[in-house]
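Chemist: Predicted structure and sequence below. I'll ask about it afterward.
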Amino acid sequence: MKQCYNCGWEWKQPQVPAFREMCPRCDSFLHCCKNCSLYDESANQKCKSSTVDKIREKDRSNFCEEFKFKEVATAKIEKTRKAFSTGKPEEKLDPREKFRRLFNEE
């Protein structure tokens, strides 16, 4: 699944976003380093490609021709959602009661 790095909005089009395309939910740029599969915090200039120009702002629009929208593993996302979901509608409890239940204090 391809999604916005900032808010998680899903990109469903088969083509890559245009250079200045923005997320309809949060107005972040979609064609940016943080949405690219080549983006790597530990790599030189935070990019796995050695042929790209230096881009200072990784969350801003750029004209990189090597941009490939990052695929996020949907199975991992669903597993995380299930871990935090009880499957029941959220009860309207006092915040202190929620805290007690969170830490099993009765």
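Modeler: Noted; the coordinates are in hand.
Chemist: Would you mind listing where this structure has pLDDT under the threshold?
Modeler: Scanning the chain for pLDDT under 70 picks out 74-77, 85-91, 105-106.
Chemist: those strands in it, which residues are they?
Modeler: Under the criterion DSSP state E, the chain carries strands at the ranges 2-3, 10-11.
Chemist: Run the chain-centre distance for stretch 63-78.
Modeler: In this view, stretch 63-78 has its centroid 9 Å away from the chain centroid, taken as Cα atoms, centre = their mean, to the nearest Å.
Chemist: if I look at Trp9, how far off is Asp40?
Modeler: As judged by Cβ to Cβ, to the nearest Å, Trp9 and Asp40 stand 23 Å apart. Where C-beta positions appear, they are placed from N, C-alpha and C, glycine not excepted.
Chemist: try Ala18
Modeler: For Ala18, the distance to Asp40 - Cβ to Cβ - is 24 Å.
Chemist: And Ser28, by the same measure?
Modeler: Taking Cβ to Cβ, one finds Ser28 at 19 Å from Asp40.
Chemist: Tell me which of those two has more neighbours.
Modeler: A count of neighbours by other Cβ atoms under 10 Å puts Ser28 above the other of Ser28 and Asp40, at 18 against 14.
Chemist: could you measure the residue nearest to the more buried one when sequence neighbours are not counted against Arg56, distance?
Modeler: For Ser28, ignoring the flanking residues on the chain, the nearest one in space by Cβ to Cβ, 6 or more residues apart in numbering is Asn6 at 4.1 Å. Separation of Asn6 from Arg56 (Cβ to Cβ): 18 Å.
Chemist: Show me which of the two is the more surrounded one.
Modeler: Between Asn6 and Arg56, counting by other Cβ under 10 Å, Asn6 is the more crowded of the two (17 against 8).
Chemist: Surely the more buried one is in contact with Met22?
Modeler: No. Judged on Cβ atoms under 8 Å, Asn6 makes no contact with Met22 at a distance of 10.4 Å.
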